[in-house]
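Student: quick one: sequence and predicted model below, then my questions.
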Amino acid sequence: MGTHTPKLDEKGRLVLPAKFRDGLSDGLVITQGQESCLTVWPEQTFMTEANRVQSQPMTNKDSRDYRRVLFGGAEQTVPDKQGRIGIPLFLRVSAGLEKDVVVVGVGDRVEIWSPQRWEQYQTGAQQKFTDLDEQPAEA
């Protein structure tokens, strides 16, 4: 959980916020996320998602598309002793990452956003959150 605003270094490395390091220290997978962010999964959690995705039929176009994005943009790595992870250029470009980034804990994963995309997303998401209304119980 939480939102952090670290910076990428000149080599495209990110120092993971300390609170996320333990859960990612054994290995992680970075891949393209939805809404133009990057998703950082603990390796075991990614494997669970991968198994779920692979159980879908290849005859389903949406399933094929999801597999291509999930696996084609995936990079497996381990944080170094300083808690840094290298983010490949193609992933930085796809997420619009430059020096400043926003790192968000989202339950079983971490997301990495460009500040501009995060702000745009938050504007719409906050309005939807505000508009949530409990559905009346049926008699």
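Tutor: Looks like it arrived, so ask away. Residues are numbered from 1 along each chain as shown.

Student: so where's the chain shaky on pLDDT?
Tutor: Along the chain, segments meeting pLDDT under 70 span 129-139.

Student: for the longest helix belonging to it, which outside residues touch it?
Tutor: What stands out as the longest helix in the chain, according to DSSP state H, is helix 115-131. For helix 115-131, the external contacting residues (Cβ atoms under 8 Å, 6 or more residues apart in numbering) are Thr5, Glu35, Ser36, Cys37, Ala95, Gly96, Asp100, Val101, Val102, Val104, Trp113. Heads up, the C-betas are built off the backbone N, CA and C, glycines and all.

Student: need those in CSV with secondary structure, neighbour count and distance to Thr123, can you?
Tutor: Shown next, in CSV, are the contacts of helix 115-131 (DSSP: H, G, I helix; E, B strand; the rest coil; neighbours: other Cβ atoms under 10 Å; distance: Cβ to Cβ, whole Å):
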residue, secondary structure, neighbour count, distance to Thr123
Thr5, coil, 12, 17
Glu35, helix, 13, 12
Ser36, helix, 15, 14
Cys37, coil, 25, 15
Ala95, helix, 24, 18
Gly96, coil, 14, 16
Asp100, strand, 12, 18
Val101, coil, 23, 18
Val102, strand, 21, 14
Val104, strand, 17, 15
Trp113, strand, 25, 13
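
Student: out of these, flag the one nearest to Leu24.
Tutor: Nearest to Leu24 out of the contacts of helix 115-131 is Val104 (Cβ to Cβ; 14.1 Å).

Student: tell me what the closest one is bridged to.
Tutor: Beta-bridge pairing for Val104 (DSSP bridges): Thr3, Glu111.
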